[in-house]
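Participant: Sequence and predicted structure are below.
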Amino acid sequence: MREPGFAELFTPKLFTVLREGYGFSALKADAVAALTVAVVALPLSMAIAIASGVTPDRGLHTAIVGGFLVSALGGSRFQIGGPAGAFIVLVAATVTQHGFDGLILATLLSGLILLAMGLLRLGTFIKYIPYPVTVGFTAGIAVIIFASQFKELLGLTLIGKEPGAIIPKVAALEGAWTTISLPAVAISLLSIMIIVAVRRLRPHWPAFLIAVCVGSITTWMIGLPIETIGTRFGGIPQLLPSPQLPALSLTKIGAVLPAALSFALLGGIESLLSAVVADSMTGRRHRSNSELVGQGIANIGSALFGGFCVTGTIARTATNVRAGAHGPVAGMLHAAFLLLFILLAAPLLSYVPLATLAAVLVVVAWNMIEKQEIATLFRASRGDAVVLLATLLLVIFRDLTEGILVGFGIGTLLFLHRMAQAVEIERPQPLIETDLADRGEEGRTPYDVALATNPDVIVYRISGAFFFGAAASVAAALDRIGEHPKAYVIDFSAVPLLDSTAAATIEGFVRKAHRKGAIVYIAGARPAVRRTLLTHGARPPHARYRKTLSGAVEAAHADIEGTRLPEAGGMGSELAEP
């Protein structure tokens, strides 16, 4: 197979979409999706900025400049860039240690690092991060965000600056318990209830914006004595600042370089995870290295306009897809709508209560914790549970980068252990086995060449250890299927082991096949492999299991023809095999 050239690897998806033909209907779809995402991004960007220790306008500048460049120059059709909750801890720590100028410089350097990572094609290697590590660090970040919002949720008054580390933070909050503000608590609870109710009763309505509007109007009409954006920050400027370089010196660069490396590592992981989520929702494929280049340029642009680190955001990207976006123009228009909002409505944003923005972040943090995936990993194996817990606890109590590295290390050791256990000693077999008649005592039927040539059934064979390092390649191969068959058969007979990342990949493929009306048969899976697949959701009726490849192909054809074969021992016994 020919290696892709430079242009194929680094052409932004915007150019690809425009070359395909871009008409008024596509523009209309992108505009509707962009407005939907902008309504979600407006309160989120301000809330994340405040939680990160900077003014709310900086969050909006990040979403406008960074979000526009991420969509215009990135490698994903649907990526929405902006400030992310995952960065709150790192940004707050950088501001505390180096000041706001140090944060801007770290953001600029992280952009250069991401740009270099993309050009060196390192985006390909981020796929090697195991699934339990991504679930663990996302949950850890969510816990930290949740803890960081108690001060605003309860209206507490702290003596001195709020600590960044989780244990001193909890101690400081406990010491300020007597300063709790009942009006702030009331607005926080009202905002959370509105968000939950709107999402349940009217899921397509902008729950965050409705909560912000109701909280602001209530605070203004009753005259509640709680802090707002206006009382703490003096309001939101109506214009973007002029671009300018931060102060540069070798001493300052050396001081903020660790923070810049952390921004780049987390930004690369977060953006590519978001692009993978968009791919799984749409069946498209992103260009990972082109995405890193786009993220790098976006961070440089954000720093020049006084913003901080920007990355692809999973929640806003998923909202963009669900709203019917056609391509990157939606992300660019979302940035334009945010700019329009601050041009027209900046004075009104001064009335937004900080308790309401804290409520928004609390809901975001709760949704970030992948509760079902955590339960699945704990059921799947003790090894995956150890990786998840190690990553989670280190992210919460130590450092996010340290959590990722240690989780990756444990995951690698676990994989080596599983590989060692997968070695089998088989009984020697004769070089020439006795041929069996087509029809004999075992009831074998003659080979039917139609089974191998019928376009309604596509057969794939996976060979070797199927683990987190190979999951992306297998997913790409499955997604490149040009045909639209009625059934897929995946032969697992040559797969000695399978981890949670690989199982999640197969489960995602099963879901996509089901949406297209196709059945997936899994043939020859060993008991341990089959058990892991079942635990992760690849189960009947969408995924069906057979002991042999020929049995799976025959059953697939029978299903298509409406003459489903009786199962030997029944499906229950098939799944219950040791």
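Facilitator: Received the coordinates, thanks. Numbering: from 1, shown residues only.
Participant: The stretch 401-550 of the chain: strands as residue ranges?
Facilitator: Under the criterion DSSP state E, counting those that start in this stretch, the stretch 401-550 of the chain contains strands at 457-463, 487-494, 519-523, 543-546.
Participant: TSV please, covering those and showing mean neighbour count and distance to residue 322.
Facilitator: C-beta: built from backbone N, CA, C; applies to glycine. Listed next are the strands of the stretch 401-550 of the chain as TSV, based on neighbours: other CB atoms under 10 Å; distance: least, CB to CB, whole Å:
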stretch	mean neighbour count	distance to residue 322
strand 457-463	17	29
strand 487-494	21	26
strand 519-523	23	24
strand 543-546	24	25
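Participant: Format these as TSV; extra columns: distance to residue 29 and mean pLDDT.
Facilitator: Output for the strands of the stretch 401-550 of the chain, formatted as TSV (distance: least, CB to CB, whole Å; pLDDT from 0 to 100):
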stretch	distance to residue 29	mean pLDDT
strand 457-463	31	83
strand 487-494	30	88
strand 519-523	31	91
strand 543-546	33	92
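Participant: Out of these, flag the one nearest residue 202.
Facilitator: Across the strands of the stretch 401-550 of the chain, residue 202 has its closest neighbour in strand 543-546 (33.8 Å, CB to CB).
Participant: Residue 296: which of the strands of the stretch 401-550 of the chain is closest?
Facilitator: The closest of those to residue 296 is strand 457-463. By CB to CB, the value is 34.7 Å.
Participant: Low-confidence ranges, this structure, go.
Facilitator: 1-5, 126-128, 417-454, 468-473, 476-477, 479-483, 563-578 (pLDDT under 70).
Participant: can you pull the alpha-carbon coordinates of stretch 226-246 into PDB?
Facilitator: Once non-C-alpha atoms are left out, stretch 226-246 reads as follows in PDB (Å, rounded to 0.1, in the frame of the first residue of the first chain):
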ATOM      1  CA  ILE A 226     -24.200  37.400  46.000                       C
ATOM      2  CA  GLU A 227     -21.200  37.800  43.800                       C
ATOM      3  CA  THR A 228     -21.700  38.300  40.000                       C
ATOM      4  CA  ILE A 229     -19.300  38.800  37.100                       C
ATOM      5  CA  GLY A 230     -19.800  42.500  37.400                       C
ATOM      6  CA  THR A 231     -19.100  42.800  41.200                       C
ATOM      7  CA  ARG A 232     -16.000  40.600  41.000                       C
ATOM      8  CA  PHE A 233     -14.500  41.400  37.600                       C
ATOM      9  CA  GLY A 234     -16.100  44.600  36.600                       C
ATOM     10  CA  GLY A 235     -17.900  43.200  33.500                       C
ATOM     11  CA  ILE A 236     -16.900  41.900  30.100                       C
ATOM     12  CA  PRO A 237     -15.100  44.000  27.500                       C
ATOM     13  CA  GLN A 238     -17.000  44.200  24.200                       C
ATOM     14  CA  LEU A 239     -14.000  43.900  21.900                       C
ATOM     15  CA  LEU A 240     -11.100  41.500  21.400                       C
ATOM     16  CA  PRO A 241      -7.800  42.800  22.600                       C
ATOM     17  CA  SER A 242      -5.100  43.700  20.000                       C
ATOM     18  CA  PRO A 243      -2.700  40.800  19.300                       C
ATOM     19  CA  GLN A 244       0.700  41.100  21.100                       C
ATOM     20  CA  LEU A 245       3.600  38.800  22.000                       C
ATOM     21  CA  PRO A 246       4.100  38.000  25.700                       C
END
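Participant: can you offset everything so residue one is 309?
Facilitator: OK, 309 is where the count begins now, so the last one is stretch 534-554.
Participant: And it, what's buried?
Facilitator: By neighbour count on 16 or more other CB atoms under 10 Å, the buried set for stretch 534-554 is 534-537, 541, 543-544, 548, 554.
Participant: Okay, and which of the residues you listed map to helices?
Facilitator: Using DSSP state H, the subset of the buried residues of stretch 534-554 located in helices is 537, 541.
Participant: how about CSV for the buried residues of stretch 534-554, with distance to residue 832 added?
Facilitator: Listed next are these as CSV, based on distance: CB to CB, whole Å:
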residue, distance to residue 832
534, 63
535, 63
536, 63
537, 61
541, 62
543, 66
544, 61
548, 59
554, 59
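Participant: which residues does residue 462 contact?
Facilitator: Residues in contact with residue 462, defined by CB atoms under 8 Å, 6 or more residues apart in numbering, are 488-489, 492-493, 496.
Participant: Report the buried members of those.
Facilitator: Buried among the contacts of residue 462 (16+ other CB under 10 Å): 489, 492, 496.
Participant: residues contacting the second one?
Facilitator: Shown here is residue 492, whose contacts under the criterion CB under 8 Å, 6+ apart are 460-463, 534-535, 661, 663.
Participant: Please report the distance of the residue nearest to residue 553 when sequence neighbours are not counted from residue 636.
Facilitator: Leaving aside its sequence neighbours, residue 553 sits nearest to residue 612 (CB to CB, 6 or more residues apart in numbering; 6.9 Å). As judged by CB to CB, to the nearest Å, residue 612 and residue 636 stand 21 Å apart.
Participant: returning to what we had before: I'd like to know which of the contacts of residue 492 are part of helices.
Facilitator: Assigned to helices by DSSP H, the following of those qualify: 460-462, 663.
Participant: any chance of the strands of the stretch 709-858 of the chain in a markdown table, plus distance to residue 363?
Facilitator: A markdown table is the format used below for the strands of the stretch 709-858 of the chain (distance: least, CB to CB, whole Å):
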| stretch | distance to residue 363 |
| --- | --- |
| strand 765-771 | 52 |
| strand 795-802 | 52 |
| strand 827-831 | 51 |
| strand 851-854 | 50 |
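Participant: Which of those sits closest to residue 680?
Facilitator: Taking CB to CB, strand 851-854 is the member of those nearest to residue 680, at 17.4 Å.
Participant: which residues touch the closest one?
Facilitator: Under the contact criterion CB under 8 Å, 6+ apart, strand 851-854 has outside partners 814-815, 818, 827-833, 838, 841, 860, 863, 879, 882-883.
Participant: Drop anything exposed from these.
Facilitator: Counted by 16+ other CB under 10 Å, these give 814-815, 818, 827-833, 838, 841, 860, 863, 882 as buried.
Participant: how about the residue nearest to residue 553, what does it touch?
Facilitator: Residue 612 neighbours (CB under 8 Å, 6+ apart): 373, 416, 551-553.
Participant: residue contacts, residue 536?
Facilitator: By CB under 8 Å, 6+ apart, residue 536 lies in contact with 524, 527, 658-662.
Participant: how far away is it from residue 627?
Facilitator: Noted for residue 536: a distance of 26 Å to residue 627, by CB to CB.
Participant: swap in residue 500?
Facilitator: Residue 500 is 19 Å from residue 627, where distance means CB to CB.
Participant: Could you do residue 365 as well?
Facilitator: Plainly put, residue 365 is 23 Å away from residue 627 if you go by CB to CB.
Participant: Show me which of those two is the more surrounded one.
Facilitator: Neighbours per residue, other CB atoms under 10 Å: of residue 365 and residue 627, the larger number sits with residue 365, 25 against 21.
Participant: and that one, that's in a helix?
Facilitator: Yes: the assignment for residue 365 (DSSP: H, G, I helix; E, B strand; the rest coil) places it in a helix.
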